[in-house]
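**Q** coords please:
(one chain, ligands or ions: 2)
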Amino acid sequence: MASVRRQRVAEQMQEEISSLIAKGLKDPRIGFVTITSVDISADLKRAWVYFCTSGTDADRERSQQGLQSSSGYIRRMLGKRLRLRNIPEFEFKYDESLDRGNQIETILSEVREQEGWDDPERVRGSAEEVALAFIAGKRFLVTSHLNPDGDAIASMLAVRLLLESMGKEVVCYNPDPVPHNFMFLAGAADIENTTGEDSFDHTVVLDCSELNRCGPLPAEELRGKLVGIDHHLTVSPLGEARYLNPKASSIGEMLDKVLEHLPVEIDLDLAKCLYCSILTDTGSFRYSNTAPATLHLAARLVEIGVSPWDMTLKVYESQPVERVHLLAEVLQTLVVDPSGKHASITVTDEMFEKTGTSKDLIDGFINYPRGIDGVEVAIQFRQADINRYKVSFRSRGNVDVASIAQGFGGGGHRNAAGCELSGELNEVQKIIYQAIDRALAP
Ligand code: 5GP
Ligand code: MN
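**A** Ligands and ions are numbered 1, 2, ... in the order given. Below is the predicted model of the structure:
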């Protein structure tokens, strides 16, 4: 075949393969790949498809395997689209030339920008990708972030229930205590606070995209493959198998999508966990993350037998009296900025001592400053150590508190985020108030 024609076919193939990849090939191993060129042999029987991709050598290899196993499908599609009598057999090859010239970063960043790849609100990975890892593994470690909230605890327990019903071995782990109001969930008493020397073939990290927020984890060779499910704003989700959807209300809602690919029926215990995850992360179906799909799922869970009132009683109306005493102390620290646009509260070790309480009882306190008319950003300073403070943010207007928290090495969602800072209380407060004033400035 004349070389000009061959060149044209190669270009068409490059275009068609790129568009098939952009539409999404099923194989979960395929990462963010770009087809850089196609070479066809003179007899048109063979083609070499060159690609580049970001990530580690292992990511690259996974993508290559994924592409190669999708080649039957790609050939069939090309046969239809290009109307060629014979579609060449093709081999996917990593484009080394780009590495050398260091052009890869330029090409990737152009395509990333075009496709919104760096958009932290973008969905990455898929429920199916995670389901495949759940099916493949035998022995799982399931964990979440420190200071676990309802979503963290309930989703860990939900994952354990669904994996156990598939005959898997599971250890749930969180170094921090389970807040008293989630102890009623099935298996809550069996969450370990250390992992010992155990080894696992998979470690599932829920509601968190930063390993350093999980507390001490087993060494890399003991924890197996990482599986990440998260709904925080991030451009770098965690895990070899992953599912990140920043628009999802909660991990519970995302797990329901994973369950669609698994041979598991939702029983009452699992339904309660999923409901609790959604209930707590939507602020009882009040926050803007409450979508129609969230309510449809909640309705299905109620049909399975979850009682909304019983869940309310357990989660919100079973507080120890000490928590109310602590709240009384904390509310005296309320400071409303003269602008009226931000307000803060402070929780110190001294208050815990005085009321015989601990940090697992403060969930929800920040809703008091947030609920003040005119306040756009609420802040809570909680003493984490002698000169160290955990700062929580809640926003109810246009201020993106995740980006404020990220400025201090933390993260979160647009309306709820956090970080930790070292320093004396008044220094930390000053720095945070300045950052918020800047974010609120017109
Ligand atoms: P909370 O204020 O309830 O601890 O956290 C609010 C939100 O911000 C949660 O979604 C939580 O995961 C996130 N968040 C809180 N603290 C941190 C932090 O130190 N780092 C990161 N990346 N996220 C945080
Ligand atoms: Mn969550």
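
**Q** which residues sit against stretch 253-262?
**A** Residues from elsewhere that reach stretch 253-262, judged by Cβ atoms under 8 Å, 6 or more residues apart in numbering: 127-128, 130-132, 134-135, 155, 158-159, 162, 166, 229, 231, 243, 245, 248, 266, 274, 277-278, 293-294, 297. Any C-beta I mention is one placed from the backbone N, CA and C, and that applies to glycine too.

**Q** Among those residues, name the ones in strands.
**A** Ile229, Tyr243 (DSSP state E).

**Q** Buried ones among the contacts of stretch 253-262?
**A** Buried by 16 or more other Cβ atoms under 10 Å: 127-128, 130-132, 134, 155, 158-159, 162, 229, 231, 243, 245, 248, 266, 274, 277-278, 294, 297, out of those.

**Q** Okay, buried residues for the host helix or strand of Leu301 please.
**A** Under the criterion of DSSP states H and E, Leu301 resides in helix 292-304. In terms of neighbour count (16+ other Cβ under 10 Å), helix 292-304 has its buried residues at Thr294, Leu297, Ala298, Leu301.

**Q** Surely the third one and Tyr275 touch.
**A** Yes. Proximity of Ala298 to Tyr275 meets the contact threshold set by Cβ atoms under 8 Å, at 6.4 Å.

**Q** what sits against the residue of the stretch 201-350 of the chain found nearest ligand 2?
**A** Distances between the stretch 201-350 of the chain and ligand 2 by Cβ to the ion are smallest at Asp207, namely 4.2 Å. The contact partners of Asp207, by Cβ under 8 Å, 6+ apart, come to Ser144, His145, Asp151, Ala152, Ser155, Ile229, Asp230, His231, His232, Ile251.

**Q** need these in TSV with pLDDT, can you?
**A** Converted to TSV, these look like this (pLDDT from 0 to 100):
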residue	pLDDT
Ser144	98
His145	97
Asp151	98
Ala152	98
Ser155	98
Ile229	98
Asp230	97
His231	96
His232	94
Ile251	98
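
**Q** re the thing from before, farthest pair in the buried residues of helix 292-304?
**A** Taking Cβ to Cβ, the two most distant members of the buried residues of helix 292-304 are Thr294 and Leu301; they sit 10.8 Å apart.

**Q** what is in contact with the two at once?
**A** Common neighbours of Thr294 and Leu301, counting by Cβ under 8 Å, 6+ apart, are Ile278.

**Q** in what helix or strand does the one residue in the stretch 151-300 of the chain that gets nearest to ligand 2 lie?
**A** Nearest residue of the stretch 151-300 of the chain to ligand 2 (Cβ to the ion) works out as Asp151 at 3.5 Å. Per DSSP H and E, Asp151 falls inside helix 150-165.

**Q** hang on, Met156 packs against Ser144?
**A** Yes. Met156 lies in contact with Ser144 (Cβ under 8 Å); the separation is 5.3 Å.

**Q** For the nearest residue to Glu221 once chain neighbours are set aside, give me the pLDDT.
**A** Leaving aside its chain neighbours, Glu221 sits nearest to Ser199 (7.8 Å; criterion: Cβ to Cβ, 6 or more residues apart in numbering). If you check Ser199, the pLDDT there is 96.

**Q** Is Ser199 part of a helix or strand, or is it coil?
**A** Secondary structure assignment for Ser199 (DSSP: H, G, I helix; E, B strand; the rest coil): coil.

**Q** distance of it from ligand 1?
**A** For Ser199, the distance to ligand 1 equals 28 Å [Cβ to the nearest ligand atom, to the nearest Å].

**Q** what does the stretch 101-250 of the chain have sitting close to ligand 2?
**A** Counting by Cβ under 5 Å from the ion, the residues of the stretch 101-250 of the chain close to ligand 2 are Asp151, Asp207.

**Q** any low-confidence regions in the stretch 101-250 of the chain?
**A** Residues of the stretch 101-250 of the chain meeting the criterion pLDDT under 70: 101-104.

**Q** residue ranges for the helices of it, please.
**A** In the stretch 101-250 of the chain, the helices defined using DSSP state H, counting those that start in this stretch lie at 104-114, 127-136, 150-165, 220-223.

**Q** and Ala402, which of the ones you listed is closest to it?
**A** Ranking those by their distance to Ala402 (criterion: Cβ to Cβ) puts helix 150-165 first, at 16.0 Å.

**Q** Please name every helix or strand in contact with the closest one.
**A** strand 139-143, strand 169-173, strand 202-206, helix 251-259, helix 268-281 (3 or more Cβ pairs under 8 Å, 6 or more residues apart in numbering; DSSP states H and E).

**Q** Run through the residues of the stretch 151-300 of the chain sitting next to ligand 1.
**A** By Cβ under 6 Å from any ligand atom, the residues of the stretch 151-300 of the chain that approach ligand 1 are Glu210, Arg213, His232.
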